[in-house]
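Visitor: Prediction below, plus the sequence it came from.
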Amino acid sequence: MTTRLTLDQCGLNTGKKTRLHRILYRHGLGNGTALFLPYDQGLEHGPRDFFANPDAASPRYIIRLALEGGFNGIAIQIGLAEKFYWDYAGEVPLILKLNGKTEIPSDAEALSPLHATVADAVRLGADAVGYTLYVGTPAQERDFAQLQAVRRDAQRLGMPLIVWAYPRGAAIAAKGGKDSFYAVHYAARTAGELGADMVKVNFPHPEKRTAVPAPYDREYSTGNAVEQVVRAANRTLLLISGGAKAGDDAMIEKASESMAGGATGLIFGRNVWQRPWPESLRFVTRLRDVLAKYPTV
Ligand SMILES: O=C(CO)COP(=O)(O)O
């Protein structure tokens with residue numbers, strides 16, 4: 001059976017470990033797994049993401065979902081954190097996203113600029129910070145340098161660093177695309193190499209494994225793809241993201257395969273809040289049922 005990475009194996013300083021312990025064992029199911037509610041899509045994709053369920057345009061809908069759904073944390077940008085987090089402070093952990101961008105310019109040379117600091121996260125009572133790293137774009141060098149400064153502050157202030165590791169750009173497109181096994185596997189490794197405490201990746205698509213050059217075409221032809229991505233992340237806890245809205249059963253299968261592969265948890269946004277109330281809450285219950293089967297021991 002696949003074992004899940006424990007906090008004690010992560011080599012964390014006291015503040016980071018305390019905060020991650022709070023997230024993983026004092027919230028959600030309290031069994032070491034994580035269910036995060038991301039709500040940065042209003043910036044990243046624009047208001048179009050709220051057309052499917054207009055109620056979700058209001059942070060209050062998200063707050064209600066986070067609380068009633070028993071999430072381990074919500075990931076939001078500084079503006080919403082400043083204006084809304086106090087309404088439910090302490091009841092659900094805050095992951096402050098430190099960088100972000102709109103989808104208006106093309107992603108080809110994507111770099112997500114910083115607009116908040118680790119010190120802001122401390123001031124707001126956050127339990128982690130989030131950083132979006134684009135792996136493989138021509139702007140990668142500047143991205144790595146920007147991440148280095150965040151990593152140092154996070155280390156100094158005892159703040160867990162969660163890296164959204166997104167493969168992007170023409171080079172990735174030529175090697176199977178951003179959801180290919182190659183891209184996701186490499187992105188998880190990259191985040192671990194650069195000092196992430198937790199890494200968020202897209203679900204690796206096994207059927208795209210062969211779209212890349214050797215040795216990927218033969219080395220990774222069998223088994224649970226998530227398991228291999230978890231191994232690539234080493235002592236960095238791994239989260240799998242939801243992606244565009246899909247059917248219930250497909251999402252539950254994705255969640256189960258992720259957890260069976262050793263992921264610490266799920267960070268599902270649109271698939272949760274693009275549903276109207278109370279359908280959204282019912283779907284969260286199904287996700288929690290999956291997590292309940294995979295406690296971290
Ligand atoms: O982490 C995420 C966005 O920040 C994932 O969101 P989605 O589940 O909507 O893809």
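Guide: Yep, that arrived. Numbering: from 1, shown residues only.
Visitor: and residue 210, what pLDDT?
Guide: Residue 210 carries a pLDDT value of 53.
Visitor: now residue 173
Guide: The model reports residue 173 with a pLDDT of 88.
Visitor: for the ligand, what are the nearby residues on the stretch 51-200 of the chain?
Guide: Proximity of the stretch 51-200 of the chain to the ligand (C-beta under 6 Å from any ligand atom) is limited to residues 75, 200. C-beta here means a position set from N, CA and C on the backbone, and glycine is covered the same way.
Visitor: which residues of the stretch 51-200 of the chain fall in strands?
Guide: Ranges of strands within the stretch 51-200 of the chain are 73-76, 94-97, 128-135, 161-167, 198-201, based on DSSP state E, counting those that start in this stretch.
Visitor: In the stretch 1-150 of the chain, what residue spans correspond to helices?
Guide: 14-25, 41-44, 59-68, 78-84, 118-124, 140-157 (DSSP state H, counting those that start in this stretch).
Visitor: what's the closest of these to residue 109?
Guide: Nearest to residue 109, of all the helices of the stretch 1-150 of the chain, is helix 140-157, at 9.6 Å by C-beta to C-beta.
Visitor: in that closest one, what's buried?
Guide: 140, 143, 146, 147, 150, 151, 153, 154, 155, 157 (16 or more other C-beta atoms under 10 Å).
Visitor: How about stretch 184-195?
Guide: Applying 16+ other C-beta under 10 Å to stretch 184-195 flags 184, 185, 186, 187, 188, 189, 190, 191, 192, 194, 195 as buried.
Visitor: can you check stretch 111-129 too?
Guide: 111-112, 116-118, 120-122, 124, 126-129.
Visitor: what's the span of that stretch from first residue to last?
Guide: Start-to-end span of stretch 111-129 (C-alpha to C-alpha, to the nearest Å) is 18 Å.
Visitor: quick one on the thing from earlier: hmm, which two among the buried residues of stretch 111-129 are most spread apart?
Guide: Farthest-apart pair in those is 111 and 127; separation 26.4 Å (C-beta to C-beta).
Visitor: got the phi/psi numbers for the one residue in the stretch 101-250 of the chain that gets nearest to the ligand?
Guide: Relative to the ligand, the nearest point of the stretch 101-250 of the chain is residue 242 (2.7 Å; C-beta to the nearest ligand atom). Main-chain torsions, residue 242, degrees, to the nearest 10: phi -80, psi -50.
Visitor: count of neighbours near the nearest residue to it once chain neighbours are set aside?
Guide: Nearest residue to residue 242, sequence neighbours excluded (C-beta to C-beta, 6 or more residues apart in numbering): residue 268, at 3.4 Å. Counted by other C-beta atoms under 10 Å, the residues lying close to residue 268 total 24.
Visitor: Ramachandran coordinates for residue 268?
Guide: Main-chain torsions, residue 268, degrees, to the nearest 10: phi -110, psi 120.
Visitor: wait, doesn't it sit right on residue 244?
Guide: No: Residue 268 is beyond contact range of residue 244, at 11.2 Å (criterion: C-beta atoms under 8 Å).
Visitor: show me the contacts for residue 101.
Guide: For residue 101, the contact set (C-beta atoms under 8 Å, 6 or more residues apart in numbering) comprises 43, 44, 110, 111, 112, 113.
Visitor: my guess is the fourth one contacts residue 132, does it?
Guide: Right, the one you point to is residue 111. No: applying C-beta under 8 Å, one finds residue 111 not in contact with residue 132, separated by 9.5 Å.
Visitor: for this structure, which spans come out with low pLDDT?
Guide: For the chain, applying pLDDT under 70 flags the ranges 1, 89, 206-213, 217-222.
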